[in-house]
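Visitor: need coordinates for the following:
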Amino acid sequence: MAANQEPLLKNKVYYENCPGCVQEQKNEIHRGIPYREFLYVWTVTLCTGLPIASLFPYLYFMIRDLNIAKTEEDIGFYAGFVGASYMLGRALTSIFWGIVADKYGRKPVIVIGVFSVIIFNTLFGLSVSYWMAIVTRFLLGALNGLLGTIKAYSIEVCSQEHQAFALSLVSTGWGIGLTLGPSIGGYLAQPAEKYPNIFSENSFFGRFPYFLPSLIISLFAIAVLISCIWLPETLHNHSKNAKVEAVEALPDHIKNNNNEEMEGSPPKQNLFKNWPLMSSIIIYCIFSLHDMAYTEIFSLWAISGRSYGGLGFSSDQVGQVLAISGFSVLVFQLFIYPRLEKLTGPVLFARFGAILAIPLIFGYPFMTYLSGLELTIVVNCASVLKNILSVIIITGTNILQNNAVPQNQRGAANGLSMTAMSLCKAAAPAGGGIIFSWAQKRQHAFFFPGDQMVFLILNVVEFVGLIFTFKPFLELPSNLEN
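Guide: Down below sits the predicted model:
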């Protein structure tokens, strides 16, 4: 069949039986916010974010119960490698999943990723040894190509004016997953101890005290997997015959222009020579390294005893703090971020977030001087603000990355981004756990004693990321220069 005639005023050719063309036509006709597609984007992103950090509130106790650490001070050391295994697995396969998404479509990669969450997140909750925990987390990361693919997908299901909102939804789902996940873990881990009237010590959940939070997340992933039946594909699939047939059907006065376009797609640019892309990826990696280290360190620091410079919180209290933060991030991203981003642009807004985060993190060690209601209020306010600032920064870098490449390279570009980011996030929990364990052994040191050193190092990473958001390092994509 010939190309549809409606968009010819823009010299745009659509092909029959091409899912990408069907979606583009829909975007042209319906210029409003595609609520249904955005709901898919948000739920899929939430599905991939929930298991990443859900273990942190109870990881301290899990490592203790697995009897791998010889002393209490060593728990943070072993906990770091469990957190790092997921990111290491994702780092090794993210480019592969990006290439698959560019060749076979976004939907297959999304379905496989959600299915992997169901299987390996469930198995992690049933871990009976330290190495089983590491292997299941590694496989969960290796078979999960969701985040890079869903970023590309999110801006392909809407018109250009809604792309910032689309990527903010990805950051929202991701940010809420990283905060709501730990709240699920904090409330539901060790249910026989916390809710003895419901779960007995001899029940299944008594014998596997960390299975319940994994089960809840896996049940949510099953619901997301079922919803993927209605997930529209967005990748273009043009056969050569369809191209010729579409051009022949065009009016003569624009046929010559389109013949030039249809003779073949322009050669793909080397992603490593695309400096707007690479500079934004590097900045994204720096802030991701910081955020992942912060996520683990905050939970370990909050749970550790006062004698070790922590807050002495229970996993329930940590879960409550993170749940409040997650809800606040959702409200901010849905109702505030898109409006402010239009006024400032992604780069200026990200710089603002990084500048505010530095003094905020500097104040964390001094919260140990507080107690009672005063401590609860301050910790919650700090956590809410820190997570909002992180989402501002990450969303801005995502906008830069996805505008730096054409659609036929978007999956690979996000795969490259996920690989680099995953390597940083694999190093973050391992490095953060080692630094945290070391800091707990130097509570009475003269220079930045105890956890003051941990938060100082977090601030150094944040400051480096801030510096890199300026020229000459950062180069904006041509369509965002103004």
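
Visitor: any weak-confidence spans in the stretch 151-300 of the chain?
Guide: For the stretch 151-300 of the chain, residues meeting the criterion pLDDT under 70 lie at 239-268.

Visitor: same check, this time on the stretch 1-150 of the chain
Guide: 1-12.

Visitor: do the stretch 301-450 of the chain as well
Guide: Applying pLDDT under 70 to the stretch 301-450 of the chain flags no residue at all.

Visitor: spatially central, which residue of this protein would that be?
Guide: For the chain, the residue nearest the mean C-alpha position is residue 174 (4.2 Å; Cα atoms, centre = their mean).

Visitor: so which strand or helix has the residue nearest to that one when sequence neighbours are not counted?
Guide: Ranked by Cβ to Cβ, 6 or more residues apart in numbering and with sequence neighbours excluded, the top spatial neighbour of residue 174 is residue 49, at 4.7 Å. Bear in mind the C-beta positions are built from the backbone N, C-alpha and C, glycine included. If you go by DSSP states H and E, residue 49 is part of helix 35-53.

Visitor: cool, residue 182 as well?
Guide: helix 163-188.

Visitor: which other helices and strands contact the helix or strand just after that helix?
Guide: Where DSSP H and E defines the elements, the next helix or strand beyond helix 163-188 is helix 191-194. Here helix 191-194 is seen to pack against helix 204-207 when contacts are counted using 3 or more Cβ pairs under 8 Å, 6 or more residues apart in numbering; DSSP states H and E.

Visitor: swap the cut-off to 6 Å and go again
Guide: Other helices and strands packing on helix 191-194, by 3 or more Cβ pairs under 6 Å, 6 or more residues apart in numbering; DSSP states H and E, are absent; none qualifies.

Visitor: and it, which residues are buried?
Guide: Buried residues in helix 191-194, counted by 16 or more other Cβ atoms under 10 Å: 191-192, 194.

Visitor: may I see those arranged in TSV, with distance to residue 136 as well?
Guide: Shown next, in TSV, are the buried residues of helix 191-194 (distance: Cβ to Cβ, whole Å):
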residue	distance to residue 136
191	20
192	22
194	24
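
Visitor: mind listing what residue 359 touches?
Guide: Counting by Cβ atoms under 6 Å, 6 or more residues apart in numbering, residue 359 touches no other residue.

Visitor: report all helices and strands that the host helix or strand of residue 389 contacts.
Guide: In the assignment (DSSP H and E), residue 389 maps to helix 372-402. Using 3+ Cβ pairs under 6 Å, 6+ apart, the elements in contact with helix 372-402 are helix 163-188, helix 275-303, helix 315-335, helix 346-362.

Visitor: to residue 419, which of these lies closest?
Guide: Nearest of the helices and strands packed on helix 372-402 to residue 419, taken as Cβ to Cβ: helix 275-303 at 9.4 Å.

Visitor: quick check: buried residues in that closest one?
Guide: Applying 16+ other Cβ under 10 Å to helix 275-303 flags 276-303 as buried.

Visitor: immediately after the helix holding residue 49, which helix or strand?
Guide: Taking DSSP H and E, what comes next after helix 35-53 is helix 56-65.

Visitor: which elements pack onto that next one?
Guide: Taking 3+ Cβ pairs under 6 Å, 6+ apart as the contact cut, helix 56-65 packs with helix 75-104, helix 163-188, helix 275-303, helix 315-335.

Visitor: tell me how far whichever helix or strand comes after the shortest one lies from the chain's centre.
Guide: It refers to helix 315-335. Going down the chain from helix 315-335, the next helix or strand is helix 337-344, by DSSP H and E. In terms of Cα atoms, centre = their mean, to the nearest Å, the centre of helix 337-344 is found 21 Å from the chain centre.

Visitor: with stretch 213-232 instead?
Guide: For stretch 213-232, the distance to the chain centre is 17 Å (Cα atoms, centre = their mean).

Visitor: and the contacts of it?
Guide: By Cβ under 6 Å, 6+ apart, stretch 213-232 touches 40, 43, 47, 50-51, 54, 107, 111, 114, 117-118, 121-122, 124-125, 184-185, 188-189.

Visitor: picking up where we left off before, you'd agree the residue nearest to the centre of the chain is up against residue 47?
Guide: No - with contact defined as Cβ atoms under 6 Å, residue 174 does not count as touching residue 47 (10.6 Å).

Visitor: give me the contacts around stretch 463-473.
Guide: 279, 283, 286-287, 351, 354.

Visitor: ok, back up a step: I'd like the helices and strands packed on helix 372-402 laid out as JSON lines, including distance to residue 397.
Guide: JSON lines is the format used below for the helices and strands packed on helix 372-402 (distance: least, Cβ to Cβ, whole Å):
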{"stretch": "helix 163-188", "distance to residue 397": "10"}
{"stretch": "helix 275-303", "distance to residue 397": "4"}
{"stretch": "helix 315-335", "distance to residue 397": "15"}
{"stretch": "helix 346-362", "distance to residue 397": "7"}
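
Visitor: who wins for proximity to residue 86 among those helices?
Guide: helix 275-303 (10.1 Å).

Visitor: other SSEs contacting the closest one?
Guide: Packed next to helix 275-303, using 3+ Cβ pairs under 6 Å, 6+ apart, are helix 56-65, helix 372-402, helix 410-440, helix 451-468.

Visitor: the second one to helix 410-440, inter-axis angle?
Guide: Computed with axes from the mean of the first three to the mean of the last three Cα atoms, to 10 degrees, the direction of helix 372-402 lies at 150 degrees from that of helix 410-440.

Visitor: buried ones in helix 372-402?
Guide: 375-376, 379-380, 382-402.

Visitor: same thing with stretch 130-142?
Guide: Within stretch 130-142, the residues scored as buried using 16+ other Cβ under 10 Å are 130, 133-142.

Visitor: state the distance from residue 116 to residue 420.
Guide: Look at residue 116 and residue 420: by Cβ to Cβ, to the nearest Å, they are 21 Å apart.

Visitor: helices and strands around the helix holding residue 49, which ones?
Guide: Checking 3+ Cβ pairs under 6 Å, 6+ apart, helix 35-53 ends up next to helix 106-125, helix 146-154, helix 163-188, helix 211-227.

Visitor: run the chain-centre distance for that helix.
Guide: On Cα atoms, centre = their mean, the centre of helix 35-53 falls 10 Å from that of its chain.

Visitor: which outside residues touch that helix?
Guide: 110, 114, 117, 121, 146-147, 150, 154, 157, 169-170, 173-174, 177-178, 181-182, 217, 221, 224, 231, 295.

Visitor: hey, what's the angle from that helix to helix 211-227? Just curious.
Guide: 150 degrees.

Visitor: now do helix 35-53 against helix 315-335, angle only.
Guide: Using the same axes, to 10 degrees: helix 35-53 against helix 315-335 is 150 degrees.

Visitor: please report the distance of the residue nearest to residue 122 when sequence neighbours are not counted from residue 179.
Guide: With sequence-adjacent residues excluded and distances taken as Cβ to Cβ, 6+ apart, residue 122 is closest to residue 218, at 4.6 Å. Per Cβ to Cβ, residue 218 is found 19 Å from residue 179.

Visitor: who has more neighbours out of the two?
Guide: Each of residue 218 and residue 179 has its neighbours counted (other Cβ atoms under 10 Å); residue 179 has more, 29 against 22.

Visitor: I'd say that one and residue 326 touch.
Guide: Yes - the criterion here is Cβ under 6 Å, and residue 179 meets it with residue 326 at 3.5 Å.

Visitor: no more questions from me, cheers.
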